[in-house]
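Student: Sequence first, predicted coordinates after that:
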Amino acid sequence: MSSRDRILARVRAALADVPRTETPEDVEVPRAYDRSRSGPDVVELLIDRLVDYRAVVREVTDVVAAVADALARRGAHRVAAPAGVPAAWLGGVQAVRDDPALSAADLDALDGVVTGCAVAVAETGTIVLDCAEDQGRRALTLIPDYHLCVVRRDRIVRTVPEALTRLDPSRPQTWISGPSATSDIELDRVEGVHGPRTLEVLITPAL
Amino acid sequence: MATFIGMPAFPEASARAVGDAQLRHNLRKATHTIRARRAAVVAEQPDWAGLRAAGAAIKDRTLRHLDVYLERLESAVTAAGGHVHWAEDAAEADRIVVDLVRATGETEVVKVKSMATQEIDLNAALAAAGIRAYETDLAELIVQLGDDLPSHILVPAIHRNRAEIREIFSGRMASWGRPAPEGLTDDPRALAEAARLHLRERFLRAKVGISGANFAVAETGTLVVLESEGNGRMCVTLPETLISVVGIEKIVPTWRDLEVFLQLLPRSSTGERMNPYTSMWTGATEGQEFHLVLVDNGRTSVLADRVGRQALRCIRCSACLNVCPVYERAGGHAYGSVYPGPIGAILTPQLRGLTGPLEESLPYASTLCGACYDVCPVAINIPEVLLDLRAKVVAGDHRAERLAMGAARRVLDHPKWLALAQRSVGRLRRWTPRHLPGPLSAWSDTREVPVPPRESFRDWWARRAGEEGGR
Ligand code: SF4
């Protein structure tokens, strides 16, 4: 008998009180919580939450100009860009494509990364990346110190349940709620430990 | 807070904490700060009660059919290219991980803190096999470089002030890797930057990462890790091989069920609307080799106890610690396991059995004020389990007679404080043994509800102390 079989046998023995005919679905789960909600405008709410996390956030109409402006203010010259980020966004900088895949050291030497996002959750100020074409693999948004994320209005939902229904579990995901942070030193909050220390968000019109 | 959402490790009990006024002050400040933050973000969530009831029910569904979900998880992970291993106890789990690391030929691993790996004492097993495990949480780094023990669950390095941390970094970083910058100041920003640089090099060259998981989705095989600093992302993303060590109770049935726990956990744990980073991955991801080690290590014994079973709902948020008057006084070390506070008081005696003085005394390390139950996001009725365990201790044998030097002792050195806590907190709350709600009423209606010993911790201690003859 393998450890697997022994553990499963012990689980079954432990559950001797559960009627044999009971199925998992017979255990009722009351879902008396909100899957969606009404409230303030989701864009305003998202901005409010992001500012709360000390992310830089702006609502813009001209994405090309806004990206160029953000990168110029940051002083970012060599910038990682996944395949799905339009070349037009990156006119003023040297765009470094992740093809062939950049090494961790290569990524570490770049000034930042520009991506889109899969979903943004207004209530929690969360940006979700799912490694789609305009977001790239996970290391791309992890190693560079500056992350400029373009969020289309139609990607914004209000609640966490709404976000999950839009996401595909088979894709690797990173949920980002503000820059990384620690309070390990005398409870003082310090933003930015290992992830990008600066998160800048541009909210653009829906396509 | 520590990068890890939930509870970091506590090694062997240490009496050092009690009586250190500065540490006591820091600890109180930490628990009260987090407690207030939690209360604020829970209050703004209009459907909190509904989420809490759903969270409890989802976990009960999982536990009542755990065999089904374990097999589902296994096939989903396997179908997604991952490898699943099963460990009956700590020794087997350690052996599996050591063998997996050896197979890669590596002698270094990076770790994101996890309670499961602390529970099985993985770092010691790796060290014995000549493998160096680097903890990557900032607080853990301070502790590891200082050759020290963590002192608090939420902020393990709270006993170190900034000047000491500067000393540790300047003096010790060089012997572990990249040295601290010249002229390092004690500004927390500068210290965090020094840690960033020191660990960065390690992350970028790491070939093997080891993690736990907050949740494992049976339906899809997805693992979920919540954290703050980004060291978790580094550990699960960059290495070529990822090994995740996960207790068998960490399962949730479906992807949709995450909508409940991703709301309950961050608000309960660090008091944030959402923690800075959450990573989710399914099987072998982006060319990585992925191993999932499922650990029993006493959990099936907990599962067999119809009252105590609910302890396996725990999502390790640590909210119950922050409201516990006994924890605040005793500190984490008194609980003698990696699981401190109220959850430790019910989990440790069940995982290990009522096998010794410590385990038998833990059910008494409570005033039964009920604050832990009120804040628990999965509605674990901790007082109910404590009373049930007390009944078992009493019904046991003479072992109860030699409890006195157990964990509770340190709290009891200050009975006045405890009396005060009971007056100020205990009276505000009402605890009555109750039947379990909804789908679980079948359990509580049919089982014999033991008449709970109504003895408080303080009374028990007074009686014990008397019987011990002022030892
Ligand atoms: S018992 Fe409840 S409150 Fe305590 S850590 Fe577990 S989930 Fe959190």
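Tutor: Cool, got the structure. Numbers count the residues shown, from 1 in each chain, chains lettered A, B, ... in the order given.

Student: so where's the chain uncertain?
Tutor: I'll assume chain A. By pLDDT under 70, chain A contains no weakly predicted segment.

Student: that answer is for a different chain, and I need it for chain B
Tutor: Low-confidence segments of chain B (pLDDT under 70): B:1-20, B:22, B:149-156, B:158, B:397-471.

Student: Name the nearest residue to the residue nearest to the spatial centre of chain A, sequence neighbours excluded.
Tutor: The centroid of chain A falls nearest to A:Val128 when counting by CA atoms, centre = their mean (2.7 Å). Nearest residue to A:Val128, sequence neighbours excluded (CB to CB, 6 or more residues apart in numbering or on different chains): A:Val119, at 4.5 Å. C-betas here are computed from N, CA, C, even on glycine.

Student: number of nearby residues for residue 111?
Tutor: Looking at chain A here, since you left the chain open. 18 (other CB atoms under 10 Å in any protein chain shown).

Student: wait, chain B
Tutor: By the criterion of other CB under 10 Å, B:Lys111 has 26 neighbours.

Student: hey, what's it bridged with?
Tutor: Here B:Lys111 sits in beta bridges with B:Glu135, B:Ile210, going by DSSP bridges.

Student: what residues are up against it?
Tutor: Residues near B:Lys111 by CB atoms under 8 Å, 6 or more residues apart in numbering or on different chains: B:117, B:123, B:133-136, B:209-211, B:235.

Student: please redo it, this time with the cut-off set to 6 Å
Tutor: By CB atoms under 6 Å, 6 or more residues apart in numbering or on different chains, the residues touching B:Lys111 are B:133, B:135, B:210.

Student: If you rank those by neighbours, which is first?
Tutor: Going by other CB under 10 Å, B:Ile210 tops the contacts of B:Lys111 with 28 neighbours.

Student: ok, and what's touching stretch A:34-43?
Tutor: The contact list for stretch A:34-43, computed with CB under 6 Å, 6+ apart, reads A:122, A:156, A:158-159, A:161-162, B:47.

Student: Now do the buried residues in it.
Tutor: Buried positions in stretch A:34-43, judged by neighbour count with 16 or more other CB atoms under 10 Å in any protein chain shown: A:34, A:42.

Student: can I get the CA coordinates of that stretch in CSV?
Tutor: The C-alpha trace of stretch A:34-43 is given here as CSV (Å, rounded to 0.1, in the frame of the first residue of the first chain):
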residue,chain,number,x,y,z
ASP,A,34,-22.8,39.9,-3.3
ARG,A,35,-21.3,38.8,-6.5
SER,A,36,-21.8,42.3,-7.9
ARG,A,37,-22.8,45.6,-6.2
SER,A,38,-23.8,49.0,-7.1
GLY,A,39,-21.9,52.0,-5.9
PRO,A,40,-19.6,54.8,-7.0
ASP,A,41,-18.3,54.8,-10.6
VAL,A,42,-15.8,52.0,-11.0
VAL,A,43,-13.2,54.2,-12.6
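
Student: Report the distance from it to the chain centre.
Tutor: Using CA atoms, centre = their mean, to the nearest Å, the mean C-alpha position of stretch A:34-43 is found 19 Å from that of the whole chain.

Student: Same question for stretch A:8-26.
Tutor: Computed by CA atoms, centre = their mean, the chain-centroid distance of stretch A:8-26 equals 38 Å.

Student: Show me the helices in chain A, by range?
Tutor: Using DSSP state H, the helices of chain A run over residues A:3-14, A:42-52, A:63-74, A:104-108, A:160-166.

Student: do the longest helix seen in chain B and the ligand meet at all?
Tutor: Longest helix in chain B by number of residues (criterion: DSSP H): helix B:21-43. No: residues of helix B:21-43 are not located near the ligand by CB under 6 Å from any ligand atom, the shortest gap being 10.0 Å.
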